[in-house]
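Participant: Could you work out the structure for the sequence below:
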Amino acid sequence: MGYDSTSRLRSKLDRAKGKRDAILEQVKSYKISIEKNKEHLINCQKAQTIIQLIALQTQSLLEFRLNELASLAMTAIFREDAYELKLRFDIKRGRTEASPLFVKDGKERRPMYGTGFGIVDVASFALRPTLWSLEEPKKMNCFLFDEPFRHLNSAAGNLHKRAAKMVKEISEKLSLQIIIVTQNDILCEAGDKVFHIDKKLDKSYVKK
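Facilitator: Down below sits the predicted model:
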């Protein structure tokens, strides 16, 4: 009887040891997995930090390039009344979005509120070749604009003269061919080549 009890006790003890050893092996496996996950997490965090730094550098470069040409264009036309273009970057739904802002005398204004559409015209004109200059490889060096300065004050003819000069400077600086469709005589006079289109009935007549 005593032998049987001892035998059963040893069997239970052996089973308990077996369970313990299995648990210890499992714990060891979990520890190894945790260490690997920690290393993976650290690598992910490092990668995320690098990506964030690259994103910030890219945003700074983009803002500088857009601000440079657009602000120069607005200054060339509006002089002391010019706005400065800035970009505000916000993260929405996991994506980075850029919002353009016009700044003057330390005050920020959104393009469609309180700045006047003439300023928007000038900024939007300058942004297209600026974005093109950031492309690699560049797809083309020709732009077509339809009445790009339609909201400039027509009573102030000097604004259109400045706009025409600015267009020519951008064209020469970036080696761009800029084609403008317009009814503005001042812009037409500033063109290297001018074509007049007359439409009679259902036909269009072009003359140089």
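Participant: now the lengthiest helix in the chain: mean pLDDT?
Facilitator: Taking DSSP state H as the criterion, the chain has its longest helix at helix 2-78. Averaging pLDDT along helix 2-78 gives 77.
Participant: what's the following helix or strand after it?
Facilitator: Once the chain leaves helix 2-78, the next helix or strand it forms, by DSSP states H and E, is strand 84-92.
Participant: Within its sheet, name the partner strands of that following strand and how each one runs.
Facilitator: Strand 84-92 has the following sheet partners, assigned by DSSP bridges: strand 95-104 (antiparallel).
Participant: Packing partners of the very next helix or strand once past the strand it pairs with?
Facilitator: Sequence-wise, the next helix or strand beyond strand 95-104 is strand 107-109, with elements assigned using DSSP H and E. Using 3 or more CB pairs under 8 Å, 6 or more residues apart in numbering; DSSP states H and E, the elements in contact with strand 107-109 are strand 95-104. Glycine gets a C-beta too; all of them are placed from N, C-alpha and C.
Participant: How about the strand it packs on, which residues are buried there?
Facilitator: Pro100, Leu101, Phe102 (16 or more other CB atoms under 10 Å).
Participant: If the second one is in a bridge, with which residues?
Facilitator: Pointing back at Leu101 there. Bridge pairing for Leu101 (DSSP bridges) gives the partners Lys86.
Participant: circling back to that earlier point, let me have the buried residues of strand 95-104 in JSON lines, adding pLDDT and distance to Asn184 as columns.
Facilitator: Shown next, in JSON lines, are the buried residues of strand 95-104 (pLDDT from 0 to 100; distance: CB to CB, whole Å):
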{"residue": "Pro100", "pLDDT": "79", "distance to Asn184": "25"}
{"residue": "Leu101", "pLDDT": "82", "distance to Asn184": "29"}
{"residue": "Phe102", "pLDDT": "84", "distance to Asn184": "24"}
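Participant: Ile179: which of the residues you listed is nearest?
Facilitator: Compare each of these with Ile179 using CB to CB and the shortest gap goes to Pro100, at 25.0 Å.
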